[in-house]
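> What follows is a protein structure lacking sequence information:
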């Protein structure tokens, strides 16, 4: 079983560790943060230390992870940011997250962008799909009253992947080759996914999905 960020005990430990590590912040003046993706670039301004809710420190196999979790972020902004790759030791994981916390602390005095105007990005396999913030806000307001759930969304994205890339992950090339209506439908479904808190999907060839029998998700209008 993988680490569960939403487990109440894990969250309590993460909140305690956050309080402890706030006393270890370091000077990161002049440090440049490399935007690893459009998703990261669009989200980093909202990752402020004042909005952090916990530090999750855990080991998977031989590697250590340290994830900084946030609360109260706009729809479509990832609430967890962590070490890009697992590190060999607990000490290195803590050092990595303290650096991250220190950078986030610098943003506390800066007003983040207006979430109604900044694009969001959804990671669809190997391609980043732009999501309109106005549409996302509308979809997010409808989550509590629609008749489907995250499982339907994932199934619908699997169907769209099959239409775009066949039995392969979505790439920038296969996305560009798809017709306009298919890309539009995919953009809407990526937006619906983000409204349900799903920030990305990855191609899993071992997943069993009968595309002929999979029910379509009702529309989120």
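In hand now; what should we look at? Computed from a predicted model, the values in this text were never measured in an experiment.

> Show the pLDDT at residue 115.
pLDDT recorded at residue 115 is 85.

> Same question for residue 216.
At residue 216, pLDDT is 35.

> now swap in residue 13 and tell me
The model reports residue 13 with a pLDDT of 97.

> Now do stretch 18-25, average pLDDT.
For stretch 18-25, mean pLDDT rounds to 97.

> Just give me how far that stretch sits from the chain centre.
24 Å (C-alpha atoms, centre = their mean, to the nearest Å).

> again, but for stretch 58-74
So, by C-alpha atoms, centre = their mean, the centroid of stretch 58-74 is 12 Å from its chain's centroid.

> Number the residues from 26 up from this point.
Fine by me, first position is 26 from now on; the one you just mentioned is stretch 83-99.

> Pull the residues that contact it.
Stretch 83-99 has contacts (C-beta atoms under 8 Å, 6 or more residues apart in numbering) with 27-28, 30, 35-36, 39, 43, 71-73, 76-82, 104-108, 110-115, 117-119, 121-122, 125-126, 129, 140, 158. Bear in mind the C-beta positions are built from the backbone N, C-alpha and C, glycine included.

> repeat for stretch 219-232
Taking C-beta under 8 Å, 6+ apart as the rule, stretch 219-232 contacts 64, 100-101, 103, 145, 147-150, 156, 161, 164-165, 167-168, 174-175, 178-179, 182-183, 186, 192-195, 218, 245.

> Go through the contacts of stretch 83-99 and flag which are in strands.
Among the contacts of stretch 83-99, DSSP state E puts 77-82, 105-107 in strands.

> So which residues of the chain form strands?
Using DSSP E, strands in the chain cover 77-85, 88-95, 105-107, 145-149, 152-156, 225-226.

> buried ones in the first one?
Pointing back at strand 77-85 there. Buried residues in strand 77-85, counted by 16 or more other C-beta atoms under 10 Å: 77, 79-83.

> how about these in TSV, adding pLDDT and distance to residue 59?
Shown next, in TSV, are the buried residues of strand 77-85 (pLDDT from 0 to 100; distance: C-beta to C-beta, whole Å):
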residue	pLDDT	distance to residue 59
77	97	21
79	98	25
80	98	21
81	97	23
82	97	23
83	96	25
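
> how about those residues in TSV, adding distance to residue 231?
Shown next, in TSV, are these (distance: C-beta to C-beta, whole Å):
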residue	distance to residue 231
77	35
79	32
80	32
81	27
82	30
83	25
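
> What are the contacting residues of the lowest-mean-pLDDT helix or strand in the chain?
Here the helix or strand of the chain ranked lowest by mean pLDDT, DSSP states H and E is helix 63-68, holding a mean of 87. Residues outside helix 63-68 that contact it (C-beta under 8 Å, 6+ apart): 60, 102-103, 106, 143-148, 153, 155, 224-225.

> Many thanks, we can stop here.
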